[in-house]
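**Student:** need a structure here:
(one chain, ligands or ions: 1)
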Amino acid sequence: MLDDTLLADLVADLPSAVRLQRLVRTLREGFRCGAVCLLRLEADALRPVAVDGLAREALGRRFEVAHHPRLATILASRRTTLFAPDADLPDPYDGLVEQQPGQPLHVHDCMGISLHVEGEPWGVLTLDALEAGTFDAADRMTLERYALLVEAAVRVSRLEQDLRALRMTHQEGSPLLSAPEARDILGHSGVLQRLLGELDVVAASDLTVLLSGETGVGKELFARRLHRCSSRREAPLVQINCAALPESLAESELFGHVKGAFSGASTDRAGRFEAADGGTLFLDEIGELPLSIQAKLLRTLQEGEIQRLGEDTPRRVDVRIIAATNRQLADSVREGGFRADLYHRLSVYPVAIPPLRERGSDVLVLAGHFLEINRMRLGVRSLRLSPEAEQALLAYGWPGNVRELEHVISRAAIKALSHGASRDDIVTLMPAWLDLPVSAERVVGAAETPKVLNEAESPTLRERVEKTQRQAIREALESCDGGWAAAARCLAVDPSNLHKLARRLGVK
Ligand SMILES: Nc1ncnc2c1ncn2[C@@H]1O[C@H](COP(=O)(O)OP(=O)(O)OP(=O)(O)O)[C@@H](O)[C@H]1O
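**Tutor:** Coordinates of the predicted model:
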């Protein structure tokens, strides 16, 4: 019966995340245990990719193999490892297994097996039960048989991913992306996953990207991912925070200087543009750049050349720009604090990163990630959230977004310990430790529910790109008083190409 279900899912046309999720559910039902977790090996850590019976925040955890002897033991063997109920090795899921009222607090039976795909260790599968004696020698053998099916499911999912990446390559004429390894942006919500999909495509395009979003939404992580998924990934990603740049130093920081250019310039020095040559320059907090420097930046973007301070000859640079802002730059343009032409030049491909309160239960996945970091940092056996604390996190509005969540969890863990919680037990964080201000409670409204687009409704990539191109051309024309030559310069494209493109897009 179990074999039939697993085999049917293996050949069914399912998204890979759904296939793996169904697989762990089927195994949990088949083994009648409390929790099943499929973890993928990434460098020195195991990351859950599908769980059933564990708290949702488990998906945000990352278990360093060196700190989890049970997982290390499972990984080291090709056979099933069965831990005796009284084994004194700490269980990574202590406190994370969903419990029925009256069930014991700690996991009692645990077994697991390592998984190998194409001859390489891929990860592990673990099964946990809250009652001692749930697993016996026969289960051990059965798990070994099923491990082959799980490996097959993983291989199918991987092939599907490769195929999708390959299709994208043909459509876009770009090199194969390394997207599967770019996994540092945690979250499973539809709104985030769609954005990441879009980001991986735009990464390969070499377009200038303007990332916008509230403070703490992860703009820097997105910029890093864009670089990592681009053909420039082997070249440097150079970052500069425009808000921390005094006007007097900004020009030399960005473009460099020669000896004697100003008092204190004792040697020639390259600026960030030259440092990023061949790679990406990330201009963080671009909205804070002084107006005088904005003009120089615009010239560089248009001409692909920089001039070191004190030097006459320009130097060519090949740099992709990613800019980020937590301001409404269009408002800054209207108010005169930001140049319209630079704004259009930067927002060739604008990406709005949604605030945390619009990402549904991602807040729990991220909380799991920060709980695991704090568990290790503080040397606690297990750190988890009470159901009430989970509700409080889901209900809060997160004006400081992920950064605020990170601080809230770190603070709560320390408070719990300083109020007497024992490091050797399961430390459960209660709402009081989270200390969330009541004023920022989230108002859940229709606007916050991410709309799930079906295939028919969802615009294709080409439609999205064309829409953005149309908008960029209109805005450039508007700011150049309808002058095509000036608009072409503003967009850094050849005027005849601009005419052709505008005709094709119906702008002309
Ligand atoms: N999806 C995510 N997964 C994991 N960590 C995240 C995620 N988003 C943000 N973070 C973490 O939250 C913190 C804030 O992120 P980041 O500095 O990228 O935000 P930002 O949008 O650039 O903020 P600001 O506008 O204030 O500079 C960082 O520690 C980052 O690693």
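**Student:** near the ligand, which residues of this structure?
**Tutor:** Counting by Cβ under 6 Å from any ligand atom, the residues of the chain close to the ligand are 185-187, 213, 215-221, 326, 366, 402-403, 406. In this view, the C-beta of every residue, glycine as well, is placed from N, C-alpha and C.
**Student:** show the buried residues in those residues.
**Tutor:** 185-187, 213, 216-219, 221, 326, 366, 402, 406 (16 or more other Cβ atoms under 10 Å).
**Student:** mind checking which helix or strand of this structure has the lowest mean pLDDT?
**Tutor:** When the helices and strands of the chain are scored by mean pLDDT, DSSP states H and E, helix 2-11 comes last with a mean of 66.
**Student:** leaving out chain neighbours, which residue sits closest to residue 35?
**Tutor:** residue 53 (3.3 Å; Cβ to Cβ, 6 or more residues apart in numbering).
**Student:** identify the residues contacting that neighbour.
**Tutor:** For residue 53, the contact set (Cβ atoms under 8 Å, 6 or more residues apart in numbering) comprises 28, 33, 34, 35, 36, 97, 98, 128.
**Student:** please report how far the fourth one lies from residue 432.
**Tutor:** If I follow you right, that is residue 35. Residue 35 is 28 Å from residue 432, where distance means Cβ to Cβ, to the nearest Å.
**Student:** which of those two has more neighbours?
**Tutor:** residue 35 (23 against 15; other Cβ atoms under 10 Å).
**Student:** tell me the gap between stretch 32-43 and the middle of its chain.
**Tutor:** 21 Å (Cα atoms, centre = their mean, to the nearest Å).
**Student:** what are the buried residues along it?
**Tutor:** Judged by neighbour count (16+ other Cβ under 10 Å), stretch 32-43 contains these buried residues: 33, 34, 35, 36, 37, 38, 39, 40, 41.
**Student:** show me the contacts for the first one.
**Tutor:** Read that as residue 33. By Cβ under 8 Å, 6+ apart, the neighbours of residue 33 are 53, 109, 127, 128, 129, 134, 135.
**Student:** residue of the stretch 201-350 of the chain closest to the ligand, please.
**Tutor:** Closest approach between the stretch 201-350 of the chain and the ligand, counting by Cβ to the nearest ligand atom: residue 218, at 2.7 Å.
**Student:** list the contacts of that residue.
**Tutor:** Taking Cβ under 8 Å, 6+ apart as the contact definition, residue 218 lies against 185, 353, 401, 402.
**Student:** with adjacent residues omitted, what lies nearest to the residue nearest to the spatial centre of the chain?
**Tutor:** Central residue of the chain (Cα atoms, centre = their mean): residue 185, 1.4 Å from the mean position. Leaving aside its sequence neighbours, residue 185 sits nearest to residue 221 (Cβ to Cβ, 6+ apart; 5.3 Å).
**Student:** quick check: that neighbour touching residue 184?
**Tutor:** Yes - between residue 221 and residue 184 there is a contact at 6.1 Å, judged by Cβ atoms under 8 Å.
**Student:** helix/strand/coil for residue 215?
**Tutor:** At residue 215 the chain is in coil, as set by DSSP: H, G, I helix; E, B strand; the rest coil.
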